[in-house]
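In: dropping the sequence and predicted coords here.
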Amino acid sequence: MNKNVLEKLLWSIALPGFGQILNKKYLKGILLIFLEFLVNIQANFNEAIISSFHGNIDTSIEIINFQWLLFYPCLYFFSMWDAVKDANRNDEISPLLFLPFVFAAYFVTVGLIYSTKVKLFGTLLGPIFLPMLFVIPGVLIGLGFKKLITMFIK
């Protein structure tokens, strides 16, 4: 991954839509920023993050709106994929570039669904920390499938 692509990816991680703005896709970037703020506010996401970081997992579960928060993983990982794809426009990119992003979004969504039930070392991780942990297997499995499919295509 070249420096330009990495920059767009990191800005998209910071806030969905920033990578698109850096790619000069202003309308798409503004739309993604608007959607991020809409979902964030409707889901009470920032309050849940603060509660979780203070160790009040039960409070974060009570204040979060799961129906709105379930939109967040797809929005977030779509923004990252789109920024990387557009940053690679002049280079030949893999048609399977989407796989790590799709699997990460799927696994984070599953982590969010089970965040009120799964305990690690007897501690409930809640709607912030469990989905964050689920990013890792999602990306790794997506990269594995990408490599496996690429081996069979060639």
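Out: Arrived safely.
In: mind listing what I49 touches?
Out: Residues near I49 by CB atoms under 8 Å, 6 or more residues apart in numbering: S60, I128. From N, CA and C alone the C-beta is placed, and that goes for glycine too.
In: so it versus W68, what's the distance?
Out: Distance, I49 to W68, by CB to CB, to the nearest Å: 14 Å.
In: again, but for L130
Out: Distance, L130 to W68, using CB to CB: 18 Å.
In: and these two? which has more neighbours close in?
Out: More crowded of L130 and W68, by other CB atoms under 10 Å: L130, with 24 against 16.
In: quick one: contacts for the residue lying closest to L35 once chain neighbours are set aside?
Out: Setting aside the residues directly before and after it, L35 is nearest to L75 in space (CB to CB, 6 or more residues apart in numbering), at 5.7 Å. Counting by CB under 8 Å, 6+ apart, L75 makes contact with P16, L32, L35, E36, V39.
In: same thing with V5?
Out: Shown in contact with V5 (CB under 8 Å, 6+ apart): V84, A87, N88.
In: ok, and for the host helix or strand of G144, which residues are buried?
Out: Element membership of G144, judged by DSSP states H and E, is helix 126-153. Residues of helix 126-153 classed as buried by neighbour count (16 or more other CB atoms under 10 Å): 126-131, 134-135, 138-139, 141-142, 146.
In: packing partners for it?
Out: For helix 126-153, the elements it packs on are helix 45-53, helix 57-63, helix 98-113, judged by 3 or more CB pairs under 8 Å, 6 or more residues apart in numbering; DSSP states H and E.
In: deepest of those, which one?
Out: Sort the helices and strands packed on helix 126-153 by mean neighbour count, taking mean count of other CB atoms under 10 Å, and helix 98-113 sits at the top with a mean of 21.
In: relative to helix 126-153, how tilted is it?
Out: Counting by axes from the mean of the first three to the mean of the last three CA atoms, to 10 degrees, helix 98-113 lies at 150 degrees to helix 126-153.
In: given the following helix or strand past helix 98-113, what are its sheet partners and their directions?
Out: Using DSSP H and E, the helix or strand that follows helix 98-113 in sequence is strand 119-120. Strand pairing for strand 119-120, determined by DSSP bridges: strand 123-124 (antiparallel).
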